[in-house]
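# return a 3D structure for these sequence lines:
(one chain, ligands or ions: 1)
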Amino acid sequence: MDRIKLDYSKVLSFVGEEEITVQREKATKALKDLEDGTCKGSDFLGWLDLPVHITDDELNRISACANKLREQTDVVVIVGIGGSYLGAKAVIEAMSGSFDAYSGTKVVFAGNNVSEDYLYELQAFLKDKKFGICVISKSGTTTEPAVAFRLLKDQLIEQEGVAVARERIVAITDEKKGALRTMSDREGYETFVIPDNVGGRYSVLTPVGLLPVAIAGFDVRALVKGAVDMRAYSKGNGAELSATYAAVRNALYEKGYVIEITVNFNPKLHYVAEWWKQLYGESEGKENKGIFPASVDFTTDLHSMGQYIQEGRRNLFETVLSIDKTKYSLQVPCDAHDLDKLNYLAGKCVDEVNKMAELGTQLAHVDGGVPNIRVIIPELTEYYLGQLFYFYELACGISGGILGVNTFDQPGVEAYKNNMFMLLGKPGYEKK
Ligand SMILES: O=P(O)(O)OC[C@H]1O[C@](O)(CO)[C@@H](O)[C@@H]1O
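Numbering: from 1, shown residues only. All right, here's what the predicted structure looks like:
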């Protein structure tokens, strides 16, 4: 098997190797602190060896539950927010056919917003369908998924009765505590556990990510294998890969490049970037520090955000997710009239056009003052997504260590919740 690669040659006219070396030394220390369990937030390092510890029995149980739901239902609603849905959504979007949604998809998402219209339309869509619910919440008290779950559970009971509803609800939550654990035990739902020492944004390789991906019919074993191989690689010289990415982005940060834009040239990676944004945003954005993680889909956004990136404030850098090999092959046809003057491309693969757009954009943006990193992914498969997740998780742990923050907490997320609870009159929040 091939491996994910990193190319940072296009940052070297913005930061010198010596500046990167300074950050590399910090990265080495941060990596050691992670491996030794001496970093800040060390209670949440379960993700480090997580892929290696996933057993065959666990994977079999996940597959059995997924198969049961696939047989019993037409649609399964994945209820969760943040780390409790983004990893699964990233894999499912990356692996699904672009038009699967129009031919009847097995998996839809809810509980990642509190839009009344969204929930109304979802309930209308599920009316008279055989559906199941996979509810995911580590804390069990997050408002968005709790509201969605209440509505959907009631609908399921109304459509199918209590006994069938129980069969079709699966909960992924804490092993012992929390509202969802209590409810699941009382109702007899099948449950899977989010380990105590794994935070939401690091949970894609637990049942949180694996069960929805299996329900959607994708290869969770290959996903895990990719992560296992990346973990094994990172035990040796391979740690360089994550450490270098962490060092380079911190060297750029030190020079005022405070925004990192993750770029894709394949819309299937849109949610990989969303997953990455939560991972890095919640991990690093604290104590008035941290790189702001943003994302764009090219070439689509070259026709909107492209102008800003080329000529706006020079405080941003790009990390391009570059896929080497496409799944399918399609050539630009020749046209007798050539009115669109496209015949010079006739016979070329569409991906060749895309790759030249990628290279042309990189050169233009570097010329325009935007440092450019490339993460090269051999192919868009579950296996390489597993590698990519682990690469990014480890790099995030290292990068947070370089920055000096606690990478594994997210105290800032509580502020909006407290205000919302106070405004809604939640008991106990009146004084706030
Ligand atoms: O799984 P839970 O506890 O519902 O939390 C969902 C998400 O909410 C947060 O706690 C805050 O956004 C995330 O860290 C987490 O991924």
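# for Glu93, which non-adjacent residue is closest in space?
Nearest non-adjacent residue to Glu93, counting by CB to CB, 6 or more residues apart in numbering: Tyr271, 4.4 Å away. Bear in mind the C-beta positions are built from the backbone N, C-alpha and C, glycine included.
# is it true that the one you found touches Ala90?
Yes: the criterion here is CB atoms under 8 Å, and Tyr271 meets it with Ala90 at 4.2 Å.
# what about these two, which has more around it?
Ala90 (25 against 21; other CB atoms under 10 Å).
# from the ligand, how far off is the residue nearest to Glu93?
Distance, Tyr271 to the ligand, using CB to the nearest ligand atom, to the nearest Å: 15 Å.
# for Ser103, give me the pLDDT.
Per-residue pLDDT puts Ser103 at 63.
# then Ala294?
98.
# which helix or which strand is home to it?
strand 292-297 (DSSP states H and E).
# flag every buried residue along that strand.
Neighbour-count burial for strand 292-297, counted by 16 or more other CB atoms under 10 Å, picks out 293-297.
# try stretch 244-256
Neighbour-count burial for stretch 244-256, counted by 16+ other CB under 10 Å, picks out 244-253.
# what's next to that stretch, contact-wise?
For stretch 244-256, contacts defined as CB atoms under 8 Å, 6 or more residues apart in numbering pick out 6, 8, 11, 14-15, 19-20, 22-24, 26-27, 30, 260, 291, 315, 317, 319, 371, 373, 375, 391, 395-396, 398-399, 402-403.
# so how do I select the buried members of those residues in PyMOL?
Buried residues among the contacts of stretch 244-256 (16+ other CB under 10 Å), as a PyMOL selection:
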select buried, resi 6+8+11+14+15+19+20+23+24+26+27+30+260+291+317+319+371+373+375+391+395+396+398+399+402+403
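# now do the contacts for the residue nearest to Leu31 when sequence neighbours are not counted.
Excluding the flanking residues, the one nearest Leu31 by CB to CB, 6+ apart is Ile398, at 5.3 Å. By CB under 8 Å, 6+ apart, Ile398 lies in contact with 27, 30-31, 34, 242-243, 246.
# just the ones of the residues you listed in helices?
Of the contacts of Ile398, the ones assigned to helices by DSSP state H are 27, 30-31, 34, 242-243, 246.
# closest residue of the stretch 101-250 of the chain to the ligand?
Distances between the stretch 101-250 of the chain and the ligand by CB to the nearest ligand atom are smallest at Gly200, namely 2.6 Å.
# could you check how far that residue is from Asp174?
11 Å (CB to CB, to the nearest Å).
# show me what contacts Asn288?
Taking CB under 8 Å, 6+ apart, one finds nothing in contact with Asn288.
# give me the three-state assignment for it.
Under DSSP: H, G, I helix; E, B strand; the rest coil, Asn288 falls in the coil class.
# do you know the pLDDT at it?
The predicted local confidence for Asn288 is 97.
# and the residue nearest to Glu93, what helix or strand is that in?
Using DSSP H and E, the element containing Tyr271 is helix 270-284.
# list the contacts of the residue nearest to Glu93.
86, 89-90, 92-94.
# check those residues against the ligand, which are close?
Residues of the contacts of Tyr271 in contact with the ligand (CB under 6 Å from any ligand atom): none.
# can you add secondary structure and give those residues back as CSV?
Shown next, in CSV, are the contacts of Tyr271 (three-state DSSP):
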residue, secondary structure
Leu86, helix
Lys89, helix
Ala90, helix
Ile92, helix
Glu93, helix
Ala94, helix
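# so Tyr120, which state does it fall into?
Applying three-state DSSP: Tyr120 is helix.
# check it and give its pLDDT.
pLDDT for Tyr120: 98.
# burial count for the closest residue to Leu45 other than its chain neighbours?
Leaving aside its chain neighbours, Leu45 sits nearest to Gly37 (5.9 Å; criterion: CB to CB, 6+ apart). For Gly37, the neighbour count with other CB under 10 Å is 10.
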